[in-house]
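Novice: One predicted model, sequence on top.
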Amino acid sequence: MQTNKKIAIIGLGYVGLPLAVAFAKQYQVVGFDINEYRVAALRKGIDDTLEVKSDLLTSVLADKSIDTGLYISNQLDDIADAQIYIVTVPTPIDKHKMPDLTPLYKASASLGKVLKKGDIVIYESTVYPGATEEDCVPILEKESGLKFNKDFFAGYSPERINPGDKERTVEKIRKVTAGSTSEIAEEIDQLYKSIITAGTYKASSIKVAEAAKVIENSQRDINIAFVNELSKIFRLMNIDTVEVLEAAGTKWNFLPFRPGLVGGHCIGIDPYYLAHKAKEYNYNPEIILAGRRLNDGMGQFVAQETVKMMLKKDIAVKQANVLVLGITFKENCPDIRNSRAIDVVRELEDYQMNVDVFDPWASPEEVKSEYGLELISKIEDVHKKYQAVLAVVAHKEFISLDLHKFVDANSLIYDVKAIYDKDKSDLRL
């Protein structure tokens with residue numbers, strides 16, 4: 001392939017920035033984002049998502065005229081001379097749990113304004129099968145006036161970024177690729193192969209690649225829903241779920257899933273994309289949606305179990321002081337998108353409890369904006385006693401905490417993520 005092609009990465013979040021940095025080591029790359037604050041911070045070598053270290057980011061930053069390196073911009077004109085466009089914008093769900101492709105549509109419309117003959121547009125955002133060719137390509141054609149697979153081409157290479165994972169970085173995760181023609185598919189595959197040390201897998205079509213992505217997280221969601229349901233069953237039997245899973249895990253082919261809150265921008269969302277497309281074909285995906293319903297209800301379940309145990313211990317529920325540890329969607333990561341920890345907080349508040357939240361990874365400003373919560377700035381500054389403490393996210397900072405110093409003599413400690421020894425808590429999920 002031609003190695004002198006200029007690459008534009010559209011969207012510099014958890015997915016786009018690591019990808020842009022990886023490409024910038026060998027190619028001329030422009031990272032484009034509409035968030036002015038994000039662009040300004042990245043130009044200074046600051047990544048608020050903590051996915052790219054400052055020294056690495058700074059090492060690839062360059063002027064837009066340099067042959068290799070990363071130039072960051074929020075101006076559409078700066079990507080007008082690129083030949084390869086890679087779209088990495090978010091694909092969330094709306095309040096009705098329906099796919100919201102607005103960011104993808106807007107990105108496609110913007111690209112249509114700069115698209116030229118011979119250009120390739122590659123989508124990495126998680127979508128349902130058919131979205132690239134049926135939803136995005138027509139927008140590109142309309143805005144550019146060009147003809148698909150004659151004047152410009154498309155591809156799909158689903159992102160596999162695992163936020164917070166410093167071992168399995170973008171280069172070390174095998175990449176699925178696909179293109180709108182056999183020739184373009186090969187060019188896209190070679191492009192990714194040039195930076196992905198783990199190798200690539202060229203799918204037979206864009207739809208196959210789209211479907212592969214959406215089932216990866218749907219499968220994980222269903223598996224977690226299964227162990228969450230087991231946790232509910234074993235609670236009724238007064239059996240410790242963690243001990244059961246550890247015993248079952250001695251078999252070579254037992255899958256090591258653990259119960260917990262399932263949020264984030266992938267596992268808690270992708271199944272709805274697949275379900276939405278299935279319904280277009282008059283098929284109701286029972287298992288997928290059942291798993292989603294169960295996982296979406298875990299925050300409420302945790303809160304209700306807290307109340308039950310408090311009542312058993314004769315702890316007054318109304319106006320009780322409760323400390324919730326963790327608001328991000330997963331451990332050791334600042335990402336608060338679609339965090340289901342908020343469900344625990346809201347349910348406890350419905351019982352008229354006074355809930356404090358501490359999370360050393362989350363941005364207080366983002367949490368305030370997204371959820372209307374004021375975070376405790378430092379756990380060392382907490383001097384009052386709580387009637388209940390719930391550890392809902394397994395941040396490494398929580399492991400060494402002595403939770404008993406924060407509670408009354410008669411109180412409840414709920415170790416939702418089983419990060420402490422069994423004898424150090426009253427409940428484990």
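Specialist: Cool, got the structure.
Novice: for the stretch 251-400 of the chain, what spans make up the helices?
Specialist: Listed from the start of the chain, the stretch 251-400 of the chain has helices (DSSP state H, counting those that start in this stretch) covering 270-280, 286-296, 298-312, 341-350, 364-371, 396-399.
Novice: What are the buried residues along the helix or strand harbouring Gly31?
Specialist: Gly31 is part of strand 28-32 when elements are defined by DSSP states H and E. Applying a neighbour-count criterion of 16 or more other CB atoms under 10 Å, one finds Gln28, Val29, Val30, Gly31, Phe32 buried in strand 28-32. Just so you know, the C-beta spots here come from the backbone N, C-alpha and C atoms, and that holds for glycine as well.
Novice: any idea which of those is closest to Val324?
Specialist: Using CB to CB, Gly31 comes nearest to Val324 of these, at 35.6 Å.
Novice: now the closest one, which residues is it bridged with?
Specialist: With DSSP bridges applied, the residues forming beta bridges to Gly31 are Ile9, Ile72.
Novice: Quick check: pLDDT value at it.
Specialist: Gly31 is assigned a predicted lDDT (pLDDT) of 97.
Novice: The one 10 residues further on too?
Specialist: Among the per-residue scores, Ala41 shows a pLDDT of 96.
Novice: where does this protein dip in pLDDT?
Specialist: Within the chain, the stretches falling below the threshold (pLDDT under 70) are 1-3.
Novice: if we can go back for a sec, contact partners of the strand holding Gly31?
Specialist: Residues from elsewhere that reach strand 28-32, judged by CB atoms under 8 Å, 6 or more residues apart in numbering: 4, 6-12, 16-17, 20, 23, 42, 64, 66-74, 76, 78-79, 82.
Novice: Counting only helices, which of those make the cut?
Specialist: Among these, the residues falling in helices (DSSP state H) are Gly16, Leu17, Ala20, Phe23, Leu42.
Novice: Which stretches in the stretch 101-250 of the chain count as helices?
Specialist: 102-112, 131, 137-144, 182-193, 206-236, 241-248.
Novice: how far off helix 206-236 does the last one point, in degrees?
Specialist: When you say that, I think you mean helix 241-248. Helix 241-248 and helix 206-236 are oriented at 110 degrees to each other (axes from the mean of the first three to the mean of the last three CA atoms, to 10 degrees).
Novice: So which elements touch helix 241-248?
Specialist: Contact here means 3 or more CB pairs under 8 Å, 6 or more residues apart in numbering; DSSP states H and E; on that basis helix 241-248 packs against helix 206-236.
Novice: Quick one: list the elements packing against the helix it packs on.
Specialist: Partner elements for helix 206-236 (3+ CB pairs under 8 Å, 6+ apart): strand 153-156, strand 175-179, helix 241-248, helix 270-280, helix 286-296, helix 298-312.
Novice: let's see it at 6 Å
Specialist: Under the contact criterion of 3 or more CB pairs under 6 Å, 6 or more residues apart in numbering; DSSP states H and E, the helices and strands touching helix 206-236 comprise strand 153-156, strand 175-179, helix 270-280, helix 286-296.
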